[in-house]
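Asker: mind looking at a prediction? Sequence and model below.
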Amino acid sequence: METKLRDRFGRAIEYLRVSVTERCNMRCVYCVSPDDRAYAPCAHLLQFEEIAAIVRVLAQHGLRRVRLTGGEPLVRPHIPELVHMLASIPGVADLSLSTNGLLLPRYVDALKRNGLKRVNISLDTLQPHKFRQISPVGRWEAVWAGIEAALAAGLHPVKINCVLMRGINDDEILDFAQLTLRYPLHVRFIELMPIGNYAFYHRGHQLPIREAKARCTRLGELVPMQEGKAIEGSPAWVFRLPDALGTLGFIGACTENFCSRCNRLRLNTDGYLYPWLGHGVRSDLKPALQPPPAQREAMILAAVMRAVDCKPAGHRLLTLQPHPVFRTLRAIGANLEPQDGARAEISEWAPPLIPLLERITETYSPFADDDLRTQAKLIEWYYQHGHIAQAVTLAREWIISYQLAQQGKDWRDRKARDQMERDLNEHAKQDPLWSKVRDLRNDLAHCGFGRAKGQVLKIRSIREQAREIIQAILEEAGEN
């Protein structure tokens, strides 16, 4: 009898996203900064047989959907062979691919023949001249040829993923919606997320998904669609315009998140399994792939369960900066060593921290009932493991908590925290520690991850400033 994988909140894990490469043949502006030229080194690239072994075990425990992603998955050689291997696994009912479409005409027939069901193609503009503004690499005509090739091959559905960017492509929302009136295409509007080129995100390009939906109603009534069983757990709210051949989907990853129905895990190309987009909690599956086949299944399942048990109730992408491992969208889950060389294996450090990490996602204050000394130690832990952005973000929250505690107020009260933040900003010069944290957060928001000498020096300076701030916090906490 099949035993389904379920997390602590009762969500069945039925969907696995598999990154087969970090490399990409485009350079979208929201994904990578202009000076980011290097790919993270990967000590161990999962082989197709290893990916299939993991999927085979999970399929015996409720996995139904598998999506191949990258980077750009089609830049890895022989992807149709992997598709054939995965499509042959009993229990895998839905096998899909996320791609930018550039190489799709070359591979689509083999992919379809080997068992690929459907495809998501990224396209953020319908204007060829604007395409180069979004990605200086690639051609709009080549992406559109990929869309036509997917339709001609009979893949269904063919979805278009459009990342919304205010001031760049928000004037094309209706144009994208009208595609569904002319073609059997399923357009998905996606909110820009603070992942990848973090500086780009902070230039005011965010567009709430509700605004895109409101604009689409100018074309007619949006009729809600009942999602079929094959696509349960979809992040999109799906609608159809009258007489449309395709559908419109709205994915509000930040403002209207879908965490309560999230049924997915992410397997990176280096063998790490991530239960949560945006932070570094992960489980290393590589050791479980080494034993003989007879022992491998139990070890893979145990490693997977370590990740599943750490899947939180939801994210707070708007309040916490993502883990450095998600420095680009192309490298979601990429294997970056923490900056000071420390390891952060889930089997070694995650269980004792789960209650604290959980509170980061479930409460406005990331610290809930923990005393100020415990809070300070958590900040120190993040810094020691190379998670500078989280450490600085939590340091900011700690100062607010500390100031409220000094005044005898409840630091868990949202209104009190908002007011304290306004007071601190207004009188920043009176609190040097707050000023340092605020300035350092601004530096982090505009700091890329390039290898240029100036950038390396800037990162070193940020780390040193963060160390000084955390030392001051530890001293304050010790006196509390």
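Answerer: Looks like it came in fine.
Asker: next one: stretch 405-421 to chain centre, how far?
Answerer: 31 Å (Cα atoms, centre = their mean, to the nearest Å).
Asker: wait, stretch 14-22
Answerer: Counting by Cα atoms, centre = their mean, stretch 14-22 is centred 12 Å from the centre of its parent chain.
Asker: what's the mean pLDDT across it?
Answerer: Averaged across stretch 14-22, pLDDT comes to 95.
Asker: how about stretch 140-154?
Answerer: Computed over stretch 140-154, the average pLDDT equals 97.
Asker: what of stretch 201-210?
Answerer: Mean predicted lDDT for stretch 201-210 stands at 85.
Asker: swap in stretch 99-116?
Answerer: Mean predicted lDDT for stretch 99-116 stands at 97.
Asker: show me which residues of that stretch are buried.
Answerer: Neighbour counts over stretch 99-116 (16 or more other Cβ atoms under 10 Å) mark 99-105, 107-108, 110-112, 114-116 as buried. (Glycine included, C-beta is placed from N, CA and C.)
Asker: helices or strands next to the longest helix along the chain in the packing?
Answerer: Selection of the longest helix in the chain by residue count, based on DSSP state H, yields helix 453-479. Judged by 3 or more Cβ pairs under 8 Å, 6 or more residues apart in numbering; DSSP states H and E, helix 453-479 is in contact with helix 372-384, helix 388-406, helix 432-445.
Asker: that helix to helix 372-384, inter-axis angle?
Answerer: Between the axes of helix 453-479 and helix 372-384, defined by axes from the mean of the first three to the mean of the last three Cα atoms, to 10 degrees, the angle is 160 degrees.
Asker: and the angle for helix 453-479 with helix 388-406?
Answerer: Using the same axes, to 10 degrees: helix 453-479 against helix 388-406 is 30 degrees.
Asker: residue 266 contacts residue 283, correct?
Answerer: No - with contact defined as Cβ atoms under 8 Å, residue 266 does not count as touching residue 283 (11.1 Å).
Asker: these two: who's more crowded?
Answerer: Neighbour count, other Cβ atoms under 10 Å: between residue 266 and residue 283, residue 283 has more, with 24 against 21.
Asker: spit out the contact partners of the closest residue to that one other than its chain neighbours.
Answerer: If the residues on either side of it in the chain are set aside, residue 283 comes closest to residue 307, at 3.9 Å by Cβ to Cβ, 6 or more residues apart in numbering. Applying Cβ atoms under 8 Å, 6 or more residues apart in numbering to residue 307 gives the contacts 265, 273, 274, 275, 281, 282, 283, 346.
Asker: surely residue 307 is within a helix?
Answerer: Yes - remark: residue 307 belongs to a helix, assigned using DSSP: H, G, I helix; E, B strand; the rest coil.
Asker: what residues do residue 266 and residue 283 have in common as contacts?
Answerer: 273, 275.
Asker: thinking again about what came up before, starting at the chain centroid, how far to the longest helix of the chain?
Answerer: Using Cα atoms, centre = their mean, the offset of helix 453-479 from its chain centre is 27 Å.
Asker: how about stretch 473-480?
Answerer: Per Cα atoms, centre = their mean, the centroid offset for stretch 473-480 relative to its chain is 35 Å.
Asker: how about stretch 130-137?
Answerer: Taking Cα atoms, centre = their mean, one finds stretch 130-137 lying 22 Å from the centre of the chain it belongs to.
Asker: what's that stretch in contact with?
Answerer: For stretch 130-137, contacts defined as Cβ under 8 Å, 6+ apart pick out 25-30, 124-125, 138-140, 143, 165, 168-169.
Asker: just the strands in the protein please.
Answerer: Secondary structure of the chain (DSSP state E): strands located at 15-19, 65-69, 94-99, 118-122, 158-164, 185-191, 223-224, 237-240, 248-251, 264-267, 272-274, 283-284.
Asker: nearest to residue 420, of those?
Answerer: strand 185-191 (28.9 Å; Cβ to Cβ).
Asker: tell me what angle the closest one forms with strand 158-164.
Answerer: 30 degrees.
Asker: by contact count, what packs against strand 185-191?
Answerer: Counting by 3+ Cβ pairs under 8 Å, 6+ apart, strand 185-191 packs on strand 158-164, helix 173-182, helix 209-216, strand 248-251.
Asker: show residues contacting the third one.
Answerer: Okay, so that is helix 209-216. By Cβ under 8 Å, 6+ apart, the residues outside helix 209-216 that reach it are 164, 170, 173-174, 177, 189-191, 222, 237, 239, 241, 248, 250-252, 255-256.
Asker: residues near the residue nearest to residue 204 when sequence neighbours are not counted, how many?
Answerer: Distance criterion Cβ to Cβ, 6+ apart; nearest residue to residue 204, sequence neighbours excluded, is residue 166 at 6.6 Å. Per other Cβ under 10 Å, the neighbour tally for residue 166 reads 15.
Asker: one step back: kindly reformat the strands of the chain as a markdown table containing distance to residue 421.
Answerer: Converted to a markdown table, the strands of the chain look like this (distance: least, Cβ to Cβ, whole Å):
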| stretch | distance to residue 421 |
| --- | --- |
| strand 15-19 | 36 |
| strand 65-69 | 37 |
| strand 94-99 | 38 |
| strand 118-122 | 37 |
| strand 158-164 | 28 |
| strand 185-191 | 24 |
| strand 223-224 | 39 |
| strand 237-240 | 32 |
| strand 248-251 | 30 |
| strand 264-267 | 33 |
| strand 272-274 | 31 |
| strand 283-284 | 36 |
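Asker: so which of the ones you listed is nearest residue 422?
Answerer: Across the strands of the chain, closest to residue 422 is strand 185-191 (Cβ to Cβ), at 26.6 Å.
Asker: alpha carbons of that closest one, in PDB - could you do that?
Answerer: Presented in PDB, the C-alpha positions along strand 185-191 are these (Å, rounded to 0.1, in the frame of the first residue of the first chain):
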ATOM      1  CA  LEU A 185      -2.000  29.200 -25.200                       C
ATOM      2  CA  HIS A 186      -2.200  29.400 -21.400                       C
ATOM      3  CA  VAL A 187      -0.700  32.700 -20.200                       C
ATOM      4  CA  ARG A 188       0.600  32.900 -16.600                       C
ATOM      5  CA  PHE A 189       1.300  36.300 -15.100                       C
ATOM      6  CA  ILE A 190       3.900  36.000 -12.300                       C
ATOM      7  CA  GLU A 191       4.800  38.600  -9.700                       C
END
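Asker: strands paired with it, and their directions?
Answerer: Note on strand 185-191: by DSSP bridges, its sheet partners are strand 158-164 (parallel), strand 248-251 (parallel).
Asker: turn those into CSV, including distance to residue 298 and mean neighbour count.
Answerer: Shown next, in CSV, are those (distance: least, Cβ to Cβ, whole Å; neighbours: other Cβ atoms under 10 Å):
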stretch, distance to residue 298, mean neighbour count
strand 158-164, 37, 23
strand 248-251, 36, 24
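Asker: turn those into JSON lines, including mean pLDDT and distance to residue 427.
Answerer: Formatted as JSON lines, these follow (pLDDT from 0 to 100; distance: least, Cβ to Cβ, whole Å):
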{"stretch": "strand 158-164", "mean pLDDT": "97", "distance to residue 427": "37"}
{"stretch": "strand 248-251", "mean pLDDT": "95", "distance to residue 427": "40"}
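Asker: using CSV, lay out the ones you listed together with distance to residue 295.
Answerer: Shown next, in CSV, are those (distance: least, Cβ to Cβ, whole Å):
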stretch, distance to residue 295
strand 158-164, 40
strand 248-251, 40
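Asker: neighbours around the closest residue to residue 379 other than its chain neighbours, how many?
Answerer: Excluding its sequence neighbours, the residue lying closest to residue 379 (Cβ to Cβ, 6+ apart) is residue 394, at 4.8 Å. Counted with other Cβ under 10 Å, residues neighbouring residue 394 total 27.
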